[in-house]
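>>> Fold the following, please.
(chains A and B)
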Amino acid sequence: MLKILISWLVGSILFFAPAALADIPAYTVIKEKSFIKFFAIQNGASVEGRFNDFTADIRFDPDHLDQSSITVEVATNSVSAADDEVVKNLKTKDWLSTEIFPKAVFTCKKLTRMPTSDNYYADGTLTLHGKTLPVVLNFQMEHFDGKNALATGYVTLHRMDFNIGQGEWAHDDVIKNEVRVEFRIAAERK
Amino acid sequence: MSIKNTQHSYGVVAKTFHWLIFLIIAGLLTAGFIMTDMANGPDKFKIIGLHKSFGITVLTLAVLRLLWKSANTAPVLPAMLNVWEKYAAHAGHALLYVLMFAMPLSGWIMSSASGFPVSVFGLFTLPNLVAPDKELKHNMVELHSILAWVLIVMVSLHVLAALLHHYYYKNDVLRRMLPWKT
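Down below sits the predicted model:
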C-alpha cells in the first residue's frame, strides 16, 4: 500500500513538475502600441526623448512569478527627440556613445506583485553605457487576459551612475542627474 | 517727477518701463548673438536658459507697459513737426511695440517646436504653444533672427530720431525721457 502511494506521488511529481515549468507562456511585443520614453530636466524644463527600437523576451504567468522572466533589449542608436541637434549629441561619446554601446539591456531577476493590486516590481539589472547596475522597475498591469497584456510603468535613473553626460556635462546644474524613464509595453501571447 | 505721464513729460512708471526694457533687450541681443555661435556645451545651455527667461520678462513687461500706456496720456509731439514726421514717429513706436511681443513669442514658439519648453529662471515652466515640429522650428529660428536685425535697425532709428530732436530741432523730446530729468 505504501509502495503504491509512493510510486503514485513520485509519478505525479515527475508528471506535473516539468509541465508547470514548460507552461510559462511567452509574449511578443506589439511595437505600434508600445514605447520607451525618457524625460531629462534641462534648465528646469522637461525634455522628452524616446527609443524607437527595442525587443523584449517576456515569459509571464501571474500565478508563477518565480518562473516568469523579462529581458528588454534597447537599440541605443534608435534614440529620437524633437530636435535633430539633441539626437546627434545624445549619440556622441559624452552621452550614450551608441557606436561603442549599441545595446542597453534590462534583465529582470525577480518579479513581485503588490498584494491585492495590479502593481508589480521588477527587480533586475540594467546594462547601459557599459555599466551594469541594479534597478527596480515599477509597472502596472493595465490589462491582462492571458492572451493580451498591457503594462505601463516607470523608473528613475541617475544618468551619472552610468557615466552618461561626461566631461563638462558631469554636473547636474544644467541637465539634472535624474532621468525618468516611462514605458508602455503591449504584448500578445505567442 | 510724477508717477503718471503729463501732457509734457513722462512719469516714473513710463520711464522705468522704457529703460528697464531697453537694458534687458540690449542684454538679450548680445547674448543672442554670442550663444548662437557657441559650441554645444553646458555654458551654451545656461545662456540659452537665461535668454529665454529674460525674453519672457520682456514679454511680461511689454504687456504691463501697454496697459499702463492705455491708462495714461502720452506727452504730445512738438507742434513744429510736419505730418509725415509725426506719422513716422508713431509708426516707429508702434513697430517697436510689435517687436517687443514678436521677439519673445517667436522664441517661445521656437522652444516649443524644438521640444525644449521654456522655464522662467527655473521657477516655473511655460506651457508649450505648439507640438514639436522640425519645419516650424526652422522657420521660427529664421524669423527670430530676422526680427533681431529689424529690432536693431528700429532701435538705431529711435536713437537717431531722439538725437535729431535734441541737437537739430533743439526740443525736449529726448530730455523728457531721460531717467534723471525731473
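
>>> CA only for contacts and neighbour counts going forward, please
Noted.

>>> In terms of secondary structure, what does the host helix or strand of B:Val63 contact?
Per DSSP states H and E: B:Val63 is located in helix B:42-70. Helix B:42-70 is packed against helix B:12-37, helix B:83-113, strand B:119-120, with contacts defined by 3 or more C-alpha pairs under 8 Å, 6 or more residues apart in numbering or on different chains; DSSP states H and E.

>>> Pick the most deeply packed of those.
Of all these, strand B:119-120 carries the top mean neighbour count, a mean of 21, counting by mean count of other C-alpha atoms under 10 Å in any protein chain shown.

>>> Can you say which of the helices and strands packed on helix B:42-70 is nearest to chain A?
For those, proximity to chain A was assessed by C-alpha to the nearest C-alpha; strand B:119-120 is nearest, at 5.4 Å.

>>> got any ranges where the chain has weak pLDDT?
Let's take chain A. A:1-22 (pLDDT under 70).

>>> if you could check chain B rather than the one you did, that'd help
Using pLDDT under 70, chain B drops low at B:181-182.

>>> Tell me which of the helices and strands packed on helix B:42-70 approaches A:Glu182 most closely.
Closest to A:Glu182 of the helices and strands packed on helix B:42-70 is helix B:83-113 (C-alpha to C-alpha; 21.0 Å).

>>> centre of the chain versus the closest one, how much separation?
Chain-centre distance of helix B:83-113: 8 Å, with C-alpha atoms, centre = their mean, to the nearest Å.

>>> So which other helices or strands are in contact with that helix?
Going by 3+ C-alpha pairs under 8 Å, 6+ apart, helix B:83-113 lies up against helix B:42-70, helix B:134-163.

>>> Could you list the buried residues of the first one?
Meaning helix B:42-70. Within helix B:42-70, the residues that count as buried by 16 or more other C-alpha atoms under 10 Å in any protein chain shown are B:42, B:44-59, B:61-62, B:65, B:68.

>>> same check, this time on the longest one
Under the neighbour-count criterion of 16+ other C-alpha under 10 Å, helix B:134-163 has B:134, B:136-137, B:140-141, B:143-145, B:147-148, B:151, B:154-155, B:158, B:161-163 buried.

>>> how about B:Phe124, what does it touch?
A:Gly44 (C-alpha atoms under 8 Å, 6 or more residues apart in numbering or on different chains).

>>> Bridge partners for it, pull those for me.
Note on B:Phe124: beta-bridge partners B:Val120, judged by DSSP bridges.

>>> Spell out which residues of chain A are next to chain B.
By the rule C-alpha under 8 Å from any C-alpha of the partner chain, the part of chain A lying against chain B is A:43-48, A:81-83, A:168-169, A:174.

>>> I'd like to know which of the helices and strands packed on helix B:42-70 is closest to A:Val74.
Across the helices and strands packed on helix B:42-70, A:Val74 has its closest neighbour in helix B:83-113 (26.7 Å, C-alpha to C-alpha).

>>> The closest one vs helix B:134-163, what angle?
Computed with axes from the mean of the first three to the mean of the last three C-alpha atoms, to 10 degrees, the direction of helix B:83-113 lies at 150 degrees from that of helix B:134-163.

>>> residues contacting the closest residue to B:Asp133 other than its chain neighbours?
Residue nearest to B:Asp133 in three dimensions, not counting chain neighbours: B:Ala113, with 4.9 Å by C-alpha to C-alpha, 6 or more residues apart in numbering or on different chains. Listed by C-alpha under 8 Å, 6+ apart, the contact set of B:Ala113 reads A:82, B:130-134, B:136-137.

>>> Please tell me which one of the residues of chain A next to chain B counts the most neighbours.
Tallying neighbours with other C-alpha atoms under 10 Å in any protein chain shown puts A:Asn43 at the head of those, with 27 neighbours.

>>> phi, psi of that one?
phi 50, psi 40 (degrees, to the nearest 10).

>>> for it, what are its contacts?
A:173-175, B:45-46, B:49, B:119, B:121-122 are the contacts of A:Asn43 under C-alpha under 8 Å, 6+ apart.

>>> try 6 Å this time
A:174, B:49 (C-alpha atoms under 6 Å, 6 or more residues apart in numbering or on different chains).

>>> With the one 5 residues further on instead?
For A:Glu48, the contacting residues are A:38-39, by C-alpha under 6 Å, 6+ apart.

>>> next one: B:Ile25
Shown in contact with B:Ile25 (C-alpha under 6 Å, 6+ apart): no residues.

>>> Spatially, which two of the residues of chain A next to chain B are the most separated?
So, those by C-alpha to C-alpha: farthest apart are A:Ala82 and A:Glu168, at 23.5 Å.

>>> will you turn the contacts of B:Ala113 into CSV that also has distance to B:Asp172?
Below are the contacts of B:Ala113 laid out as CSV (distance: C-alpha to C-alpha, whole Å):
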residue, distance to B:Asp172
A:Ala82, 52
B:Val130, 46
B:Ala131, 49
B:Pro132, 50
B:Asp133, 49
B:Lys134, 49
B:Leu136, 45
B:Lys137, 44
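
>>> Could you point out which of the residues you listed is nearest to B:Gly107?
Nearest to B:Gly107 among these, with distances taken as C-alpha to C-alpha, is B:Lys137, at 9.5 Å.

>>> how near is that closest one to chain A?
Separation of B:Lys137 from chain A (C-alpha to the nearest C-alpha, to the nearest Å): 9 Å.
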